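Peer 1: this is the structure alone, sequence omitted:
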C-alpha cells in the first residue's frame, strides 16, 4: 500500500471544519495509508511550514506522496485522486485569492511569469506553470528527496537562485523557482474547480459566478430605470 502524508501548517486554532471533513474522507476512503502532520506556530504561516518541512525530512523514505493544504482551503473530495492521476512531480489546485492591498481577485496561478495572473478558471485539463501558491499542493516523494539531496530549504532564499530576477522574496515563489532550478516540473489541475478558500467570504467559483450574475441583474435594472427616465 502506498503512503501519503498530508501536512497542515496551522496557527493552532484555525483549521476549517470543511478541511477536517476532507481529511477524514481521505483517511477512510482513499487506497493509501494516510499520515496527518500538523504544525503549530503563533508567529507565522511561514514558520509553521518550516516545522512541517523538518518533520517531512525525518520521514524521508516512508511515504510516496506529500500533500500540503492551508487551513482555510477546502479541496473537493476528488482532489487527491485527480492530482495523483496527473503523474507529475508537483501538482497544484487552482484557488481564488483576494489581494487586500490592490483589491484584486485572481486565481493563484502564474502561467509563465510572476507578473501574469489568471482571472478566469478553466473547468478541465492541466498544464505546466511557472509558479503558484502552496495552498493546496501535491508532490511526489522525489521532490522532497531532490530538495534534501541539494541541501535546499523549500521556501528560504539561497545561492541556488543567484541573480535570478524572476522571483521575489515571497516564500511560495521561492519554492517554485528552486523546484525549476532542480529540474522539477509544476502543473495545475484545472478540473478541481470546487476548491473553496475561506476568507472574509468564501472564495469559490460558485460564489464568484453568483456575484457576476447579481451584478448583471443590477446593471439590467439600472438600464431599465435609465430608459424610463429618458422616456
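Peer 2: Noted; the coordinates are in hand. Since the structure is predicted, the reported quantities are computational estimates derived from the model, not experimental observations.
Peer 1: which parts of the chain are helices?
Peer 2: 17-29, 45-58, 79-85, 141-149, 171-181, 205-230 (DSSP state H).
Peer 1: how about the second one: buried residues?
Peer 2: Along helix 45-58, these residues count as buried under the neighbour rule (16 or more other C-beta atoms under 10 Å): 45, 48-53, 56. To be clear about C-beta, it is placed using only N, CA and C from the backbone, and glycine gets the same treatment.
Peer 1: will you turn those into a markdown table that also has pLDDT and distance to residue 162?
Peer 2: Formatted as a markdown table, those follow (pLDDT from 0 to 100; distance: C-beta to C-beta, whole Å):
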| residue | pLDDT | distance to residue 162 |
| --- | --- | --- |
| 45 | 72 | 27 |
| 48 | 82 | 28 |
| 49 | 84 | 23 |
| 50 | 84 | 23 |
| 51 | 85 | 28 |
| 52 | 88 | 27 |
| 53 | 87 | 22 |
| 56 | 85 | 26 |
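Peer 1: for residue 106, find the nearest of the helices of the chain.
Peer 2: Closest to residue 106 of these is helix 205-230 (C-beta to C-beta; 10.8 Å).
Peer 1: got the buried residues for stretch 131-151?
Peer 2: Neighbour-count burial for stretch 131-151 flags 131-141, 143-144, 146-147 (criterion: 16+ other C-beta under 10 Å).
Peer 1: so for it, mean pLDDT?
Peer 2: For stretch 131-151, mean pLDDT is 95.
Peer 1: just the terminal-to-terminal distance for that stretch.
Peer 2: 21 Å (C-alpha to C-alpha, to the nearest Å).
Peer 1: tell me how far it lies from the chain's centre.
Peer 2: In terms of C-alpha atoms, centre = their mean, to the nearest Å, the centre of stretch 131-151 is found 13 Å from the chain centre.
Peer 1: one more: stretch 110-126?
Peer 2: 13 Å.
Peer 1: list the buried residues for that stretch?
Peer 2: 110, 114, 118, 121-122, 126.
Peer 1: what does it contact?
Peer 2: The contact list for stretch 110-126 (C-beta atoms under 8 Å, 6 or more residues apart in numbering) reads 86, 88, 91, 94, 96, 104-107, 109, 127, 129-132, 166-168, 173, 187-191, 193, 205.
Peer 1: what about residue 2, how many neighbours?
Peer 2: Using other C-beta atoms under 10 Å, the number of residues around residue 2 comes to 12.
Peer 1: which residue sits closest to it, ignoring its sequence neighbours?
Peer 2: Leaving aside its sequence neighbours, residue 2 sits nearest to residue 64 (C-beta to C-beta, 6 or more residues apart in numbering; 4.3 Å).
Peer 1: so the one you found makes contact with residue 143?
Peer 2: No - contact criterion C-beta atoms under 8 Å: residue 64 and residue 143 do not qualify, at 11.4 Å.
Peer 1: and the gap between the residue nearest to residue 136 when sequence neighbours are not counted and residue 20?
Peer 2: Leaving aside its chain neighbours, residue 136 sits nearest to residue 93 (4.0 Å; criterion: C-beta to C-beta, 6+ apart). Counting by C-beta to C-beta, to the nearest Å, the separation of residue 93 from residue 20 is 18 Å.
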